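S.K.: coords please:
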Amino acid sequence: MSFKSTKIVNVKSAKEFNELLKFCKENRHYSPSDYYSLSQDLPSMYYQIEEKLIKIQLKFSTRAGGYKIYEFHLDGSEERDHTTGMKAFNLLQRMSGKAIIDLRGNSEWYDKDKEEWKLATISGLIWFNPKFNNQRFENCYGYDKNSSYSSAMLGPIPDTSVEPRRNGLVEKGEIGFREMAYGKTDETYLYAVFEKGKYAEWIFPAIESPFKDFVNKYYNAKRDAKDKNERQYYKDILNYSVGYIRRKNPFIHSCILSRARYSIESLIDKDTLYCNTDSIISKVERKDIEENLGNEVGQFKIEHNESFAYNDSGYQWGFSVPSIRGKSKQWFKNKYPNGFDILKDDLPYTEANKYYYDRKKMRICVNTIDTSS
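M.R.: Sure, this is the predicted structure:
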């Protein structure tokens, strides 16, 4: 039995989750995570609990329902349809003729013992203009690129089924790769080299994208979704699939992310406050970007036109819930019901969860949240 193929069940009420906890307490033996591999031989006898910052998972098997992971959100946020990187990747593979070649067998690039790439695999772009840190500006414009990663998947990709050329200049019909620092960030990553005549460490033939059917199907489903929950589900399929490619093939992953990063970085000017892989925020209106507004993949839309502030922790439009990595958006709603100011207020943590898990009682309990800040 494997967690990887196990169904995750979102439990919407504390009462329902407590009933599941009670069942396990009375009918199963607790299995610490360190010993879980032993309990897989007799999964119907054991349960496991995993506590995270904003959710708790209860894992056990029943004769009728089989093995499942039951998940409850401690922060009180709404549940939504669930997908995983593996599920999204499998959809991509089926619709692309298994175009992602697994390169983990190459010891030059992959450390099997550590189960990690020796290459400096690339991540998404995040950049703040340091000149404007800890300030709030009025009448800013937020331009969001429709499915930036998906748009980047439509261009040519490297044919990684063949051995690359080494340490040369990229020629027409090829895509190269080089570990280097580039653009607005100092980190060294494995970047793609698309320009003819530029040096690269690894050079592959370029082939037409095999991902077009996948992108078109799920982008159209996202665009035409009937509600926010459904839209997020299809968005997750598109984005999670790209994230999972990194586990199998760093060159195809780099090709997609490099193309998306280059596209946004080319738009940065003196009035740019912030940008990431799929959006750019400006102190002034950008007529050049507005020439490409629309609903199709790769086009832009104006998501915001209001005040904007950021600091080292994250950013905020107006006084709405901010975007801060590692922080649940629900925490801000719970702790600051009258509004949060990123430039003045303290950041919330798990004390802002709506519920907490009482280990002694083995129950989910309602948390008392201090909202006097």
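
S.K.: Is there a neighbour count for Glu115? I'd like the number.
M.R.: 9 (other Cβ atoms under 10 Å). C-beta here means a position set from N, CA and C on the backbone, and glycine is covered the same way.

S.K.: Contacts only, for it.
M.R.: If a contact means Cβ atoms under 8 Å, 6 or more residues apart in numbering, then Glu115 has no contacts.

S.K.: Distance of it relative to Arg104?
M.R.: 9 Å (Cβ to Cβ, to the nearest Å).

S.K.: per-residue confidence averaged over the host helix or strand of Asn139?
M.R.: Secondary structure assignment for Asn139, by DSSP states H and E: strand 135-145. Per-residue pLDDT over strand 135-145 has a mean of 97.

S.K.: Also stretch 158-174?
M.R.: Stretch 158-174 comes out at a mean pLDDT of 97.

S.K.: Which residues belonging to that stretch are considered buried?
M.R.: 158-160, 164-165, 170, 174 (16 or more other Cβ atoms under 10 Å).

S.K.: and the strand holding Asn139, what does it pack onto?
M.R.: strand 279-282, strand 300-310 (3 or more Cβ pairs under 8 Å, 6 or more residues apart in numbering; DSSP states H and E).

S.K.: Now tabulate those in CSV and tack on mean pLDDT.
M.R.: Converted to CSV, the helices and strands packed on strand 135-145 look like this (pLDDT from 0 to 100):
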stretch, mean pLDDT
strand 279-282, 97
strand 300-310, 96
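
S.K.: Using TSV, lay out the ones you listed together with distance to Asn10 and mean neighbour count.
M.R.: Converted to TSV, the helices and strands packed on strand 135-145 look like this (distance: least, Cβ to Cβ, whole Å; neighbours: other Cβ atoms under 10 Å):
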stretch	distance to Asn10	mean neighbour count
strand 279-282	28	22
strand 300-310	28	17
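
S.K.: Nearest to Tyr110, out of those?
M.R.: Comparing the helices and strands packed on strand 135-145 against Tyr110 with Cβ to Cβ, the closest turns out to be strand 279-282 (32.6 Å).

S.K.: May I have the helix or strand that the closest one is followed by exported as PDB, CA atoms only?
M.R.: Per DSSP H and E, the first helix or strand lying C-terminal to strand 279-282 is helix 287-290. The C-alpha coordinates for helix 287-290 follow below in PDB (Å, rounded to 0.1, in the frame of the first residue of the first chain):
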ATOM      1  CA  LYS A 287       0.100  50.900 -22.400                       C
ATOM      2  CA  ASP A 288       2.500  48.400 -23.900                       C
ATOM      3  CA  ILE A 289       1.100  45.600 -21.700                       C
ATOM      4  CA  GLU A 290      -2.500  46.700 -22.300                       C
END
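
S.K.: and helix 287-290, which residues are buried?
M.R.: Ile289.

S.K.: rewinding a little: make JSON lines out of the helices and strands packed on strand 135-145 and add distance to Ala120.
M.R.: As requested, those are arranged in JSON lines below (distance: least, Cβ to Cβ, whole Å):
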{"stretch": "strand 279-282", "distance to Ala120": "25"}
{"stretch": "strand 300-310", "distance to Ala120": "27"}
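
S.K.: For Leu53, which of those strands is the nearest?
M.R.: Among those, if distance is taken as Cβ to Cβ, the winner is strand 300-310, at 22.8 Å.

S.K.: for that closest one, packing partners?
M.R.: Using 3+ Cβ pairs under 8 Å, 6+ apart, the elements in contact with strand 300-310 are strand 135-145, strand 272-276, strand 279-282, helix 287-290, strand 314-317.
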